[in-house]
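Novice: Fold the following for me, if possible:
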Amino acid sequence: MKKTKHALPGPDIHGLRELPGLRVDGYSLQLRDKDGFVGDQASQTAFRELLERWRKRRRKAGRDPLGKTHSRDLSKKDLDRALQEKKATAAADVMHGAIEEFAEELAFVIQRFMRQPSWRKVERIVVGGGFPESDVGERAILEAGAMLEDLGVHVQLGRLSHNVDDGGLIGWVHLTPRALLRGHDAILAVDIGGTNVRCGIVKTRHRKAPDFSRAKVVRREKWRHADDGPNRSHMVDRIAEMLQEMVVHADRHDIRLAPFVGIACPGLIRPSGSIARGAQNLPGDWESPSFHLPAALWQRMPIIGSGPTLVRMHNDAVVQGLSELPFMRDVRHWGVLTIGTGLGNASFTNRR
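Specialist: Residues are numbered from 1 along each chain as shown. As a prediction, the model looks like this:
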C-alpha cells in the first residue's frame, strides 16, 4: 500500500526551552576536569568500573567474593543480592566500599553542577535513569545526599514518582501541542538510551487531571540494543518497527492515538532536530550533519490517523524531568539527573 506523505515538523520545534509555566534553564551540561567530563564519574558505567577495582584488590589478597563474572556483566539483581546477603560478608564489604566511593563521586559532581549559573538556585534534584531502581543505586543516592548536607550543599535528592522506564515516555505529554490532544486518548513516545530503547503508548488522561499528573504508560516495549550491537541504520529500523507494533496495539484496543511521536535522545538537540553533541554512547555517528533522526523515523513510521503526523525530539533528561513537573510545583528551581550508561542532566524554573 502506498504511504501518504505527512508533513515533516518545522525547523523550530525541537528542543523547546520555553513551555507554559516552565523554563528549561539548561541541559546536557558538560563540565571538564583533568580526567575528562565530570559527569562521567557518576554514571552507572563508572560505578561498575569502581566495583571492578574493589574486586581486583580482593583478588590480590585472595578470592573474589563476587565470582569470575566481570562487574559490567553482573545484573542489578546480582549486585543487590550481594549487598543483602548476610552470610557473604566479603561480598557485602566490597559492595559497600564501591557504593561509598561512588556516592562521593556523585556528591562531587552535584556540587560542581550547583556552581553553574543554570543550577545555582536548584532546590531539589530528581534522580532517574536505570541505576536508582536498584537497592545499590538507592543506597548510593542516600549516601550522596548525606555527604552533600555535610558539605553545606542544601539540596533535596529524590526519586522519580513512577517506574524509571516510564519517565522518558510520560514527559512527552507536556511537550505535545494541546491541539493535537483533542479527540485523542494517547501519544506515542520513544526513549533512546546508551543501553536500552523504550517505546510506549502514553495515555494522557488529561480529562481527569489537566496537569497530566495521572498520565500513564499503558503499553511499553524495551529493547536492550547494547546486547545486539546494531549499527545506526538498523537501530532506527528497529525503533520504527516498535512504533508500528504500538500502532497495531492501539488499533486493537480502541486507543485513539494523536498524530504525534516524541523522541527522547541523549545530547544537545538543535532547533532543527539534529544532535549537536552528547550522543557518543549510541552506535554510529548520530551527530553527523547528514543525519536527522526525526526525519529518519518519520520516513519509516506508520501512518497515525488521517492528518499530518508530527515528530518532535528533545533531550532524554529534559523529558524525564518533565514527567515530574506536576509534583514539582512546591519549588521554584529544580533539576534532574539520569544515571544510566552516561549521566544526563537538566535544570528547570517554574514560572509563578
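
Novice: Val127 touches Ile339, doesn't it?
Specialist: Yes: counting by Cβ atoms under 8 Å, Ile339 is a contact partner of Val127 at 6.5 Å. The C-beta positions use only the backbone N, C-alpha and C, and glycine is treated the same way.

Novice: Please say which of the two ends up with more neighbours.
Specialist: Taking other Cβ atoms under 10 Å, Val127 and Ile339 do not tie; Ile339 has more neighbours (28 against 24).

Novice: My guess is that one contacts Ser134. True?
Specialist: No: the criterion here is Cβ under 8 Å, and Ile339 misses it with Ser134 at 10.4 Å.

Novice: Any idea how far stretch 224-237 is from the middle of the chain?
Specialist: Centroid separation for stretch 224-237 versus its chain: 18 Å, with Cα atoms, centre = their mean, to the nearest Å.

Novice: Going along the chain, name the helices of the stretch 51-200 of the chain.
Specialist: All helices of the stretch 51-200 of the chain, identified by DSSP state H, counting those that start in this stretch, fall at 76-84, 89-113, 135-150, 167-170, 178-181.

Novice: which stretches of the stretch 101-250 of the chain have low pLDDT?
Specialist: By pLDDT under 70, the stretch 101-250 of the chain has no low-scoring segment.

Novice: mind redoing it with 90?
Specialist: 129-134, 161-164, 179, 182, 206-207 (pLDDT under 90).

Novice: Strands of that one, start to end?
Specialist: Along the stretch 101-250 of the chain, counting by DSSP state E, counting those that start in this stretch, strands occupy 124-128, 156-159, 186-192, 197-203, 216-223.

Novice: do the stretch 251-352 of the chain as well
Specialist: Applying DSSP E, counting those that start in this stretch to the stretch 251-352 of the chain gives strands spanning 257-265, 268-269, 275-277, 310-315, 333-339, 343-350.

Novice: Show me what counts as buried in stretch 31-44.
Specialist: For stretch 31-44, a neighbour-count test (16 or more other Cβ atoms under 10 Å) marks 37-44 as buried.

Novice: distance between the ends of that stretch?
Specialist: 18 Å (Cα to Cα, to the nearest Å).

Novice: for stretch 55-72, same thing?
Specialist: 12 Å.

Novice: Give me the contact list for that stretch.
Specialist: 45, 48-49, 51-52, 74, 78, 82, 88, 90-91, 93-94 (Cβ atoms under 8 Å, 6 or more residues apart in numbering).

Novice: and if we set it to 10 Å?
Specialist: 44-45, 47-54, 74-75, 78-79, 82, 85, 88-95, 97-98 (Cβ atoms under 10 Å, 6 or more residues apart in numbering).

Novice: Deepest-packed of the strands of the stretch 251-352 of the chain, please.
Specialist: Burial of the strands of the stretch 251-352 of the chain is given as mean neighbour count (mean count of other Cβ atoms under 10 Å); strand 333-339 ranks first at a mean of 27.

Novice: on that earlier part again, so which of the buried residues of stretch 31-44 sit within helices?
Specialist: Judged by DSSP state H, the subset of the buried residues of stretch 31-44 located in helices is Gln44.

Novice: mind putting the buried residues of stretch 31-44 in a markdown table, distance to Gly262 included?
Specialist: Below are the buried residues of stretch 31-44 laid out as a markdown table (distance: Cβ to Cβ, whole Å):
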| residue | distance to Gly262 |
| --- | --- |
| Phe37 | 27 |
| Val38 | 29 |
| Gly39 | 24 |
| Asp40 | 27 |
| Gln41 | 30 |
| Ala42 | 27 |
| Ser43 | 24 |
| Gln44 | 24 |
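
Novice: Number of residues surrounding the residue nearest to Asn281 when sequence neighbours are not counted?
Specialist: In space, and not counting its chain neighbours, Asn281 is closest to Gly194: 3.2 Å by Cβ to Cβ, 6 or more residues apart in numbering. Counted with other Cβ under 10 Å, residues neighbouring Gly194 total 21.

Novice: overlap in contacts of Ile339 and Ser134?
Specialist: Counting by Cβ under 10 Å, 6+ apart, the residues touching both Ile339 and Ser134 are 44, 47, 140, 164.
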